[in-house]
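K.L.:
Task: produce atomic coordinates for the following.
(chains A and B)
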Amino acid sequence: MQWLAQLLSRRRRYDDLAISIQEHIAERTDELMEGGMPRVEAEQAARREFGNVGLIEQHSREAWQWQTLESILADVRFALRQLVKSPGFTATAVVTLALGIAVNATMFSLVSAFLLPHLSGRDPQSLVVVSSFNSDQPFQSDTKPISPPNYFAWSANKSLFSEMSAADENRTGSMSERGKQAEAVSYAAVSANYFSVFGASPELGRAFVTGEDLQGHDHVVILGHALWARRYNSDASIVGRTVRLNREDHVVVGVMPADFRLLGFTPQLWIPLTLAAMDRAPDARKNRFLYLFARLAPGVTLKQAQAQMEILAQRAQGDFPSTEKHWGASVRMLPDFLVRNFGSGPALALIMTVVGFVLLIACANVAGLLLTRAVSRQKELAIRMSLGASRARVVRQLLTEGVVIALVGGGFGLFLTYIGIRLVRTGLSFDPAISAVPVSLDRNVLLFAAGISLVSAILSSVAPALRASRTTINTDLKSETRGGTSGRANNRLRVFLVGGEIALALFLLIGSCLLIRAVFLRDHQQLGFKHDHLLTARLVLDQARYVDSSKQTQFVRSLVAQLQQIPGVKQAAVASSLPSSGPWNIPFRIKGQQETQSNEKYTAADAVVTTDYFQTASVGILSGRTFTDHDDATAPGVVLVNQEFVRKYFQDRDPVGKQIQLDITGTPLVWSEIVGVVGNVRNYSEDPNMAPQVYEPYLQRPVASFSLMLRSNMEPDSLAPTLRHAVEELDVELPLLRVMSMDEVIDDQTNGNPLFEKLLATFAMLALVLAAIGIYGLIAYSVGQRTQEIGIRLALGAKGSDISRMILSQGFKVAAIGSAIGFVMALPLPKIFSSIFQGQVLFGAPVIYPSVLAVMLGVILCATFGPARRASRVDPTAVLRNE
Amino acid sequence: MHGYALAKHIKQASGDLLQIEDGSLYPALQRLLREGLLESEAGVSAKGRPTRIYRLTKTGLRQLEHEASSFHKMFTGITRVLAVAKA
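P.N.:
Numbers count the residues shown, from 1 in each chain, chains lettered A, B, ... in the order given. Predicted coordinates for the structure are as follows:
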């Protein structure tokens, strides 16, 4: 309690001290006067002997203070007063930093959500994922699922993994209770110990128990929170009731809480995974569909597990070379695996770099502002130092001002971040896997925002503070405001800052424009078919009702007939995959051509389509004929090929009448005749190259999972209800998946690109604007400083235009140096982007470089123009009289 | 004793051997006050001007005795060591 008493009695102590010192000096004066000195002289001598009264009082007072804390508080108070006094400066600095901090924090919220998955449950450190990798595979080659035989072999290894569960995470099915609309759901089939491996338990009911993963006992289901809330109105009595999944009754045994979620996986419910005897057969090694989630056995490290798994994978390669060749196994911590599997790292890293640069530019701007201010405060600082403030003390005070600005900016920035995150979240709703991840202003983001606020405080105020504190008391106190007091070193620092800003901004602009253009080119290339006015949907015929191919053919025949009856529909077709939506690649042989070596098989994309497909999609028939209703299972096999196929495999010679043999797993090898050639359609909307493609008639090779397309003159979406109705009439329990227009399908594939483009464009513009403000500030300030000089020049006969030219050229010198540096920095960008995005980037002609440079210089010219004009209008008489 | 008198007293009593800088006297007094070794009260100086009189408290006195004895011990120690060194 003593400290409180001290705190309260401080005011009195200070008064006591002042009185004591006063009396001390008075007494000394008396003494000196007694010695015969005149009063004035005696007083002066006494004071001189005593020393700096203010400083000594200060030091004495410090005995009562928490010294550092209080002096910091005093600095903060002072800084706030100073900032309030110059609202223009404060607003500019705070808003600049707030923007810089807000874009960083907003983007970091994505990093926090997608790259730092939160670990929960028991002992997260031992939770690993076993996956396979194959460097021959193009996409995500190192996070591939595992085949059932490997799962059986590896889960038995109890010395390595204490528990292992397998999950088939990406299944789709239908829910179709009586009285409710049939609905497609994505779900996962998981082994009985799946939830316990994660250490997760249901919010209602129970998890699966051993035995439920055996055939005949497996008609149980655990609902996800979202599905339970939406389809069953959060009805707690659902546990024990029956729901209908894939036309079969399943008993609900539990409901998982909403926070049980793995990044990138979006199952709406879980069923037990049943693996049969045939899943143990060597042939099952080809079917890699299981994700293995495991707990490391006690004492086993990740490295040891990794090494062991490599040995096991090599053993499998030796035992089953035909299926296991090139396939290795890897073990990763769960978050590490999820982040890799999700694959959003490169884009986020890129965006973070961009916003980092924006923050740097913002800091440079604020540093420039602070420098300007420091110059106008030189006298104040000189007075402080002459009164005994040490240089460190002055630097600390100036730094405190920087920190105060940054913190106010950070606070405002957090507010902007809050808005930014909401905007980004709506922008992310294009993908269920992405929108399932809660992006929010969480603890990580808050810490990050605080961190970068401090960093930017230091970045923006250290140089100005050091500069300003290097004051020479005498000259500064004596000098009047005349002349260019800013000093050369000061100007050099500013020129350096602004030049750097321009370089960074140009670098960013060029980089962003390159990427935006690449994305644009990719999204707007000719696809080879007409994608407007097409409504599409996906159907999966289940095994329960559509047992064999004749049932499937029958359904598709009546479906197409039904669809063509819909008013407004011109053509309707069914295809195994929609155009430009990633068809399967298959190997094939050409009759009469020499067998090539097995690893150099011919391959082509393959799609199964109904008769009207080409008409519906507006794909041109170049020669021969298309499929007819007579090309059915009883007729000889026929196929169509595209132009690229003819170019690549027939060297542009007419292929009609030639025979090829497609090698499709699960279907017999037959020779089919090429009956026609159709135009090229891109395999993916973002694929820069055309690929050879084969089309087969649906009636000859029915598939259970297919898409349908309707062409009409109407808005595609307006047809959706009639489409649903038409399918319901055929099968009330068959849900339609992904009912959307073809344009939406394509947008969906280029997922997030529009958002990515928008973000990049926003940040690049922000950089440009900040750089423009920077150079404007520099020039305006130097004009202000040189008013006298300009006045003299004008008085001596310089013309206004000479003055503007002088100022403009000053601005342009900085701009030229900055731009040159930025330009050179940006030269290797296309190469860097190509390596980041693995060759998927298209770059247009190098028009971007000169045009961005021109825009940049134009903006700088505009920013310099105002101050230059003001300079030419200086009234020499007024200025010189002002001296 | 008030501040000036204290400084003067030290100077005179030590025969000019010890001189306290005014710059360190007052901070030191404030620290002693904070530690509770001194107390101060309003008073008047010899010349009749208002000032503050500083006086040792009981704890201050004890602390002084303690410091004095430990200083004495140290001093004796040093003298002995120096004597040995000389010899």
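K.L.:
When you work out contacts or count neighbours from here on, use the C-alpha atoms and nothing else.
P.N.:
Fine.
K.L.:
which residues touch B:Val44?
P.N.:
Residues near B:Val44 by CA atoms under 8 Å, 6 or more residues apart in numbering or on different chains: B:50-53.
K.L.:
how about the residues you listed in CSV, adding secondary structure and pLDDT?
P.N.:
CSV is the format used below for the contacts of B:Val44 (DSSP: H, G, I helix; E, B strand; the rest coil; pLDDT from 0 to 100):
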residue, secondary structure, pLDDT
B:Pro50, strand, 79
B:Thr51, strand, 79
B:Arg52, strand, 78
B:Ile53, strand, 81
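K.L.:
Low-confidence ranges, chain B, go.
P.N.:
B:86-87 (pLDDT under 70).
K.L.:
next structured bit after the least confident helix or strand in chain A by mean pLDDT?
P.N.:
When the helices and strands of chain A are scored by mean pLDDT, DSSP states H and E, helix A:473-478 comes last with a mean of 58. For helix A:473-478, the succeeding helix or strand toward the C-terminus, using DSSP states H and E, is helix A:488-523.
K.L.:
A:Asp717 belongs to a strand?
P.N.:
No - applying DSSP: H, G, I helix; E, B strand; the rest coil, one finds A:Asp717 to be helix, outside a strand.
K.L.:
show me what contacts it?
P.N.:
A:535, A:740-741.
K.L.:
any idea which of these has the most stuff around it?
P.N.:
Greatest neighbour count in these, by other CA atoms under 10 Å in any protein chain shown, goes to A:Leu535: 28 neighbours.
K.L.:
Now do the contacts for the closest residue to that residue other than its chain neighbours.
P.N.:
Nearest non-adjacent residue to A:Leu535, counting by CA to CA, 6 or more residues apart in numbering or on different chains: A:Ser741, 4.3 Å away. A:Ser741 makes contact with A:532-536, A:716-717, according to CA under 8 Å, 6+ apart.
K.L.:
Adding distance to A:Arg81, pLDDT and secondary structure, write those residues out as TSV.
P.N.:
Converted to TSV, the contacts of A:Ser741 look like this (distance: CA to CA, whole Å; pLDDT from 0 to 100; DSSP: H, G, I helix; E, B strand; the rest coil):
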residue	distance to A:Arg81	pLDDT	secondary structure
A:Asp532	62	87	coil
A:His533	64	90	coil
A:Leu534	64	91	strand
A:Leu535	64	93	strand
A:Thr536	64	92	strand
A:Pro716	62	88	helix
A:Asp717	60	87	helix
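K.L.:
most centrally placed residue in chain B?
P.N.:
Centroid-nearest residue in chain B, with CA atoms, centre = their mean: B:Ile10, separated by 7.7 Å.
K.L.:
Return the backbone torsion pair for it.
P.N.:
phi -60, psi -40 (degrees, to the nearest 10).
K.L.:
Return the nearest residue of the stretch 201-350 of chain A with respect to chain B.
P.N.:
A:Ala349 (55.6 Å; CA to the nearest CA).
K.L.:
What residues of the helix or strand A:Phe756 falls within count as buried?
P.N.:
Using DSSP H and E, the element containing A:Phe756 is helix A:753-785. Under the neighbour-count criterion of 16 or more other CA atoms under 10 Å in any protein chain shown, helix A:753-785 has A:753-754, A:756-757, A:759-761, A:763-783, A:785 buried.
K.L.:
just stretch A:361-378 next, same as before
P.N.:
A:361-372, A:374-376, A:378.
K.L.:
export whichever strand or helix holds A:Asn170 as PDB, just CAs?
P.N.:
Assigned by DSSP H and E, A:Asn170 belongs to strand A:161-175. Output in PDB follows, covering the C-alpha atoms of strand A:161-175 (Å, rounded to 0.1, in the frame of the first residue of the first chain):
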ATOM      1  CA  PHE A 161       1.100 -46.700 -35.500                       C
ATOM      2  CA  SER A 162      -0.900 -47.300 -32.400                       C
ATOM      3  CA  GLU A 163      -4.100 -46.700 -34.200                       C
ATOM      4  CA  MET A 164      -4.900 -46.200 -37.900                       C
ATOM      5  CA  SER A 165      -8.200 -45.400 -39.500                       C
ATOM      6  CA  ALA A 166      -9.000 -45.300 -43.200                       C
ATOM      7  CA  ALA A 167     -11.500 -42.900 -44.900                       C
ATOM      8  CA  ASP A 168     -12.900 -42.700 -48.300                       C
ATOM      9  CA  GLU A 169     -13.600 -39.000 -48.000                       C
ATOM     10  CA  ASN A 170     -15.100 -38.100 -51.400                       C
ATOM     11  CA  ARG A 171     -18.300 -40.000 -52.000                       C
ATOM     12  CA  THR A 172     -21.600 -38.600 -53.200                       C
ATOM     13  CA  GLY A 173     -24.900 -40.100 -52.700                       C
ATOM     14  CA  SER A 174     -28.600 -39.200 -52.300                       C
ATOM     15  CA  MET A 175     -30.800 -38.700 -49.400                       C
END
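K.L.:
Buried residues in that strand, which are they?
P.N.:
Buried, per 16+ other CA under 10 Å, within strand A:161-175: A:161-169, A:173-175.
K.L.:
nearest to chain B, of these?
P.N.:
Nearest member of the buried residues of strand A:161-175 to chain B, counting by CA to the nearest CA, is A:Ser162, at 63.4 Å.
K.L.:
Tell me the gap between the strand holding A:Asn170 and the middle of its chain.
P.N.:
The chain centroid and the centroid of strand A:161-175 are separated by 28 Å under CA atoms, centre = their mean, to the nearest Å.
K.L.:
what sits up against it?
P.N.:
Taking CA under 8 Å, 6+ apart as the rule, strand A:161-175 contacts A:151, A:155, A:182-194, A:197, A:243-247, A:265, A:267, A:273, A:289-298, A:540, A:733-735.
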